[in-house]
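Trainee: Predicted model and sequence below, questions to follow.
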Protein chains: 2
Amino acid sequence: MDRFVSTFQNKLDAKGRVSVPAPFRAILERDSYRADGVSGVYCYPSLDAPALDAGGERLAQKIDGLLGSLPDYSDERDELSLALYGDVQVLTIDGDGRIIIPGGLRAHAGLDAKVTFVGLGDKFQIWAPERFEERRTRARAKVHEHRRIFAQRAGTSNTGIGRQAEDGGESTGQ
Amino acid sequence: MDRFVSTFQNKLDAKGRVSVPAPFRAILERDSYRADGVSGVYCYPSLDAPALDAGGERLAQKIDGLLGSLPDYSDERDELSLALYGDVQVLTIDGDGRIIIPGGLRAHAGLDAKVTFVGLGDKFQIWAPERFEERRTRARAKVHEHRRIFAQRAGTSNTGIGRQAEDGGESTGQ
DNA sequence: TGGAAATCCATGGGCTTCCATGGAGGCTGC
DNA sequence: GCAGCCTCCATGGAAGCCCATGGATTTCCA
């Protein structure tokens, strides 16, 4: 299973375009239900962060799954779909691998000249670089805290999870 | 599977015409049983909201299925079919991608100069913008409320919905 | 092993197409 | 003959498409 990993920083140009990092693009192409090669990105405001959540078909199916647990045409389902699907935008990736981030989404994430793409496995997020750094710092502290728990559960095995990853690998950025 | 997603706001002109958002139109065209390219929109008053429900063939079939599941000649079925079929209109999309919303439906939704189209996956709704904003706010609150439940149903998966996204974790990089 | 060539990728800019919107007729039925 | 409806046309702005560039990395060959 393909995973979105690593972080990248790209520029948002005057027209609101950004290059989707090539590795992410490759995953999205494979994860599109369309045969025509034109792949789309499902993108919506994160519920609890000043960032955007994004992903391919797999992500959309997860939303379907959540709503699918509610009866068809119930009031409740309509209401939740309205919030979940209503805020989603399908961004098309152009021939050069770029997407246009619409104003509303840009505002939610506070995006300016540069944006940070962060892989989260099933999906990825789009952040304003400063805000991301701040959040990342916090997340690392949390990871540190959880290490002990992981270590206990994992017994002697060493997955490298629960440690500060030294690799740094990938992540080029630029 | 095609989904109606995202929201759009278009103008209702003096003749009662509105452009159906292009992405919705594309789905409807694919979802039409007619070969002639002229696609229709099934449209009826929402049962629980001052809005209109709309969709293509797939939606019509779902309604049939829903009614079919109720016992023949039951009060419930009679009432429901009356409520649903009674007010259904098949709106034709003209050459420029517009529909005309008949007076009755317009009244139900309180439509004026502008209308909001919101995708709900299987179908979409048509709202008066002010009412829509109000409902959307409520719906978002409800999503937050439901996150814990979603998290359970969705298992370990991470859509960002249903968890406190403290993630950002891993993803190494620099 | 070093250097040259080829490739990939992010970025910028110009141009064309699409889309929402407004308005002008023409057909039809009352 | 008039009102409502449908078709056709015009337009401005936004979105999408194509091409060019330059830097960085990888490949390949001597």
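Mentor: Arrived safely. Numbering: from 1, shown residues only, chains lettered A, B, ... in the order given.
Trainee: Show me where chain A has its helices.
Mentor: A:22-30, A:57-68, A:75-84, A:103-109, A:129-154 (DSSP state H).
Trainee: what about the last one and chain B, touching?
Mentor: Yes - Helix A:129-154 comes into contact with chain B when judged by Cβ under 8 Å from any Cβ of the partner chain, the residues involved being A:132, A:135-136, A:138-139, A:142-143. C-betas here are computed from N, CA, C, even on glycine.
Trainee: And the second one, by the same measure?
Mentor: Yes - under the criterion of Cβ under 8 Å from any Cβ, chain B is reached by helix A:57-68 at A:59-60, A:62-67.
Trainee: Name the nearest residue to the residue nearest to the spatial centre of chain A, ignoring sequence neighbours.
Mentor: By Cα atoms, centre = their mean, the mean C-alpha position of chain A lies nearest to residue A:124, the distance being 1.8 Å. Take residue A:124 and drop its neighbours on the chain: the residue closest to it by Cβ to Cβ, 6 or more residues apart in numbering or on different chains is residue A:4, 4.2 Å away.
Trainee: could you measure residue A:29 against chain B, distance?
Mentor: 18 Å (Cβ to the nearest Cβ, to the nearest Å).
Trainee: quick one: contacts for the residue nearest to that residue when sequence neighbours are not counted?
Mentor: The spatially closest residue to residue A:29, leaving aside those adjacent along the chain, is residue A:39, at 5.1 Å (Cβ to Cβ, 6+ apart). Residues near residue A:39 by Cβ atoms under 8 Å, 6 or more residues apart in numbering or on different chains: A:25, A:28-29, A:31-32, A:56, A:92-93.
Trainee: can you do 10 Å?
Mentor: By Cβ atoms under 10 Å, 6 or more residues apart in numbering or on different chains, the contact list for residue A:39 reads A:20, A:25, A:27-33, A:56-57, A:91-93.
Trainee: With residue A:71 instead?
Mentor: A:77, B:66.
Trainee: Ramachandran coordinates for it?
Mentor: Here the main-chain torsion angles of residue A:71 (degrees, to the nearest 10) amount to phi -60, psi 140.
Trainee: Pull up the gap between it and DNA strand D, please.
Mentor: Residue A:71 sits 34 Å away from DNA strand D, going by Cβ to the nearest atom of the strand, to the nearest Å.
Trainee: likewise residue A:45?
Mentor: 17 Å.
Trainee: what residue ranges in chain A score low on pLDDT?
Mentor: Scanning chain A for pLDDT under 70 picks out A:1, A:33-38, A:147-148, A:150, A:153-174.
Trainee: Next to DNA strand D, which bits of it? Give me the list.
Mentor: By Cβ under 7 Å from any atom of the strand, the residues of chain A that approach DNA strand D are A:15-16, A:38, A:92, A:94-96, A:100, A:102, A:174.
Trainee: and which of the residues of helix A:129-154 next to chain B is nearest residue A:78?
Mentor: Closest to residue A:78 out of the residues of helix A:129-154 next to chain B is residue A:135 (33.1 Å), distances taken as Cβ to Cβ.
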